[in-house]
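>>> below are the sequence and a predicted model for it; my questions follow.
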2 protein chains.
Amino acid sequence: MSKSFAVARLDTQQIDFDSQLTALLSWDAVSDLSVVAAVEEIISAVKAEGDQALLRYNNRFDNMQAGSITELELSQAKIAQSLAAITAEQRQALELAANRIRKYHQHQRQESWSYTETDGTVLGQQITALEKVGVYVPGGKAAYPSTVLMDVIPAKVAGVEEIIMVTPTPAGVLADVVIAAAAIAGVDRVFTVGGAQAIAALAYGTESIPKVDKIVGPGNIFVATAKRQVFGQVGLDMIAGPSEILVICDGQTDPDWIAMDLFSQAEHDENAQSILVCPDAKFIDRVEESIQKLLPTMERASIIAESLSRRGALIKVDDMAEAMEVCNRIAPEHLELSVADPQALLSSIKHAGAIFMGRHTSEALGDYCAGPNHVLPTSGTVRFSSPLGVYDFQKRSSIIHCSEEGASVLGKTASILARSESLTAHAQSAEFRIIKD
Amino acid sequence: MSKSFAVARLDTQQIDFDSQLTALLSWDAVSDLSVVAAVEEIISAVKAEGDQALLRYNNRFDNMQAGSITELELSQAKIAQSLAAITAEQRQALELAANRIRKYHQHQRQESWSYTETDGTVLGQQITALEKVGVYVPGGKAAYPSTVLMDVIPAKVAGVEEIIMVTPTPAGVLADVVIAAAAIAGVDRVFTVGGAQAIAALAYGTESIPKVDKIVGPGNIFVATAKRQVFGQVGLDMIAGPSEILVICDGQTDPDWIAMDLFSQAEHDENAQSILVCPDAKFIDRVEESIQKLLPTMERASIIAESLSRRGALIKVDDMAEAMEVCNRIAPEHLELSVADPQALLSSIKHAGAIFMGRHTSEALGDYCAGPNHVLPTSGTVRFSSPLGVYDFQKRSSIIHCSEEGASVLGKTASILARSESLTAHAQSAEFRIIKD
């Protein structure tokens, strides 16, 4: 921490506040053209050659010498071994978290519905689970068992028939805690393949890897680019940007808590964004002091410092009403309402992925074990999208069952509208079902 | 109809049936690179220059000489004029359709929910409507009032605050029935601009056009390409491929009805796909006769002939169980179950956008006025997506409100999991909330 370090301070009273905020929030997610070209080549090869291309790329990128994809599938014995390798404390924590996540997500299950009209016509929606889902789990440093739970459990609750996990093992290294989380969450099959080649295999299928209907899970730029390319061939969760937290504080919380909450987002990576909004300038000073005091004690101090100085901000607002306006402008992934009465603010919040209410609800609780999903829309996309949930693993078919009488009555209206659109086969198809007097 | 015309006949008994079916279903939706480049230029210009670029491109492509975007907004007086210009029969049909669509979609509204744990911790989801939605409506030949109803009514039912419609008016020509449908559906503002420039304006906002959160509605290749490009900046409904119908018939329906049902899909455009699956070869012969007999009487005979010969098929299966397998392989946008007991087949259907049950439920009824939405996933994407609905205009925020006791208990688990991921700021943020004994 030798280099100088400061978090930007903004004030809504500054005349250029709006443009400063715009600059702070801007994030360009476009993939480099060389990455796009490399990924296109990998996808085409896997689509055309199947296992052979998958194996070739995977051995190259993971520095492996596997002889076939079959030998890269983890056996049940290997999975049991990973489950036995973690500590009892870790296993208990994973199981407690899994149970809480399962319980919360059960509230999201949607059921088929229908209603019958007086003439006997039945209308409704049949809601079913996706058949096969692929889960991408990054390897190496960013091996997060919590993400395995968050990606897999909603699919299980939805009733997905088969969940296939792929995860790279650079130089053959496998994280036991990640495999243990997969076993606890209920993954059906695990292949130790990764990168764009694993995404291509899931999207198109190979001799060994089943073709899936949807792919979820985070990954590096090659994985994210590959997901974009196969969209349409399969469904996707989202292309996540850097993680963000907005803390709104009334100035009455322990400033050390607020500093640590900002750190907990900033430690993810240098592009993560931590913002505090508060009407009390003196309190902001105290948080700044806590930041300077606590930063040197942190294991990831350099990442936190880089993230806070690059993309962090401490924003002074006039009052809590203005704090809500700034919040809705930012549309944060994570929103912490560190205030006495968070309930009073709830109806003013238009856009937020997850809302952590009150001084005691740190975001970290939601990241791991409170129950709600930690896969959330980033970069302002909460304006139109939602946390990952059971609904992402269910789909709907409309049901229309007209009685003879219903078809006859509706046929007259359909005929008029079809003819106004010059679609006369539509009109005649409806007219055939009109009962002749 | 001078040129020879035939619909492909397939049989599951043929040894190459599987590859024939694959070839039949294949559809490549990739945009031409010259289109991508042209669209990128338009989007960049509108993003940078706002109204000025929007006006320039719109005048050029629609062959207009408008002086400002403001004069391209339809006044309430102009909208009322369109409503008065359609026939009483058309107005009544639009209103009846709108009412039925509204009633059906009200069943899809989702409400916020929460539950309280024994220690006082509250978990749930706050469900809110999107703020602003843009609806693209094609102009010219493909002016479909029914699509206006289908795109707008679910957004209104969801509670969207403002719905902005854009529609091109090539050479100044405006379809009264489309504007009347917009008025009946409840559109807030209408701008007569179109193409990629209108999509860019809705995505980024200009001086005159509000920036929206989501864009829905079909369009030509420039519109579809522009939608792809702005995805992430705004939400999207879907990028629709050609429309498809699969009719499964037991051989007991009037073959003229089946032929006309196939025509009603084929008349959309030359790439539309109409497929009949039936276990009765003799019945397929009769449908073929009906096709040859009825085709010359159709207004769009040449489009229908082109579509049926290019992408249509009559498929003979062994029995209804095999028909279900073929159906799930195809994953059709529209599925007609023209059989005596469609209910008996329902649980076997894994993938279909909308299911039209029984001999009397022609697809045309669902296209216009039965109630369900006619905006449906195409090209097999029903495997992972759903009809347009109210849920597409609602979004969810997770709610997590831990009691002091709850935060203390959960903090211990969060701490263990965070440390297993080497995220120690996360761990400390949770640990701060653990109550010291």
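That came in fine, so what should we check first?
>>> within range of chain B, give me the residues from the stretch 151-300 of chain A.
Contact residues (CB under 8 Å from any CB of the partner chain) of the stretch 151-300 of chain A with chain B: A:177, A:213-214, A:232, A:234-235, A:239, A:254, A:256-257, A:260-261, A:263-264, A:266-268, A:298-300. For glycine as for every other residue, the C-beta is placed from the backbone atoms N, C-alpha and C.
>>> just checking, what packs against the host helix or strand of A:L417?
Assigned by DSSP states H and E, A:L417 falls within helix A:404-420. Applying 3 or more CB pairs under 8 Å, 6 or more residues apart in numbering or on different chains; DSSP states H and E, we find helix A:404-420 packed against helix A:424-431, helix B:88-106, helix B:145-158, helix B:363-368.
>>> most packed of the ones you listed?
Comparing the helices and strands packed on helix A:404-420 by mean neighbour count (mean count of other CB atoms under 10 Å in any protein chain shown), helix B:363-368 ranks first with a mean of 29.
>>> pLDDT of that helix, averaged?
Throughout helix B:363-368, pLDDT has a mean value of 93.
>>> how about the contacts made by A:T167?
Listed by CB atoms under 8 Å, 6 or more residues apart in numbering or on different chains, the contact partners of A:T167 are A:Y136, A:V137, A:P138, A:G139, A:L174, A:V178, A:V190, A:F191, A:T192, A:V193, A:G194.
>>> quick one, strands of chain A?
Using DSSP state E, the strands assigned to chain A run over residues A:8-11, A:113-116, A:122-129, A:132-136, A:162-166, A:189-191, A:214-216, A:235-236, A:244-249, A:273-278, A:313-316, A:334-338, A:354-357, A:394-401.
>>> give me every residue that touches the one residue in the stretch 151-300 of chain A that gets nearest to chain B.
Nearest residue of the stretch 151-300 of chain A to chain B (CB to the nearest CB) works out as A:G235 at 3.2 Å. Counting by CB under 8 Å, 6+ apart, A:G235 touches A:L130, A:D213, A:K214, A:I215, B:T381, B:R383, B:F384, B:S385.
>>> and for A:I304?
When contacts are counted by CB under 8 Å, 6+ apart, A:I304 touches A:F263, A:A266, A:E267, A:L295, A:M298, B:A425.
>>> and the residue lying closest to the first one once chain neighbours are set aside, how far is that from B:S408?
Closest residue to A:F263 in three dimensions, ignoring its sequence neighbours and counting by CB to CB, 6 or more residues apart in numbering or on different chains: B:A425, at 3.9 Å. Distance check for B:A425 against B:S408: by CB to CB, to the nearest Å, it reads 19 Å.
>>> the closest residue to A:I127 other than its chain neighbours: what's it in contact with?
The shortest distance from A:I127 to any non-neighbouring residue, by CB to CB, 6+ apart, is to A:S112 (4.8 Å). Contacts for A:S112 (CB under 8 Å, 6+ apart) come out as A:G124, A:Q125, A:Q126, A:I127.
>>> so the third one is in contact with B:L345, correct?
No. A:Q126 sits out of contact with B:L345 when judged by CB atoms under 8 Å, with a separation of 11.6 Å.
>>> apart from its neighbours in sequence, what residue is nearest A:F17?
Nearest non-adjacent residue to A:F17, counting by CB to CB, 6+ apart: A:L10, 6.1 Å away.
>>> who are the contact partners of the one you found?
So A:L10 contacts A:F17, A:Q20, A:L21, A:L24, A:A313, A:L314, A:I315, A:K316 (CB under 8 Å, 6+ apart).
>>> likewise for A:S408?
A:R433, A:I434, A:I435.
>>> now restrict these to buried residues only.
A:R433 (16 or more other CB atoms under 10 Å in any protein chain shown).
>>> which of the contacts of A:S408 sits closest to chain B?
Among those, A:R433 lies closest to chain B (CB to the nearest CB), at 5.1 Å.
>>> hmm, back to that, the residue nearest to A:F263 touches A:A259, doesn't it?
No. With contact defined as CB under 8 Å, B:A425 does not count as touching A:A259 (9.5 Å).
>>> no more questions from me, cheers.
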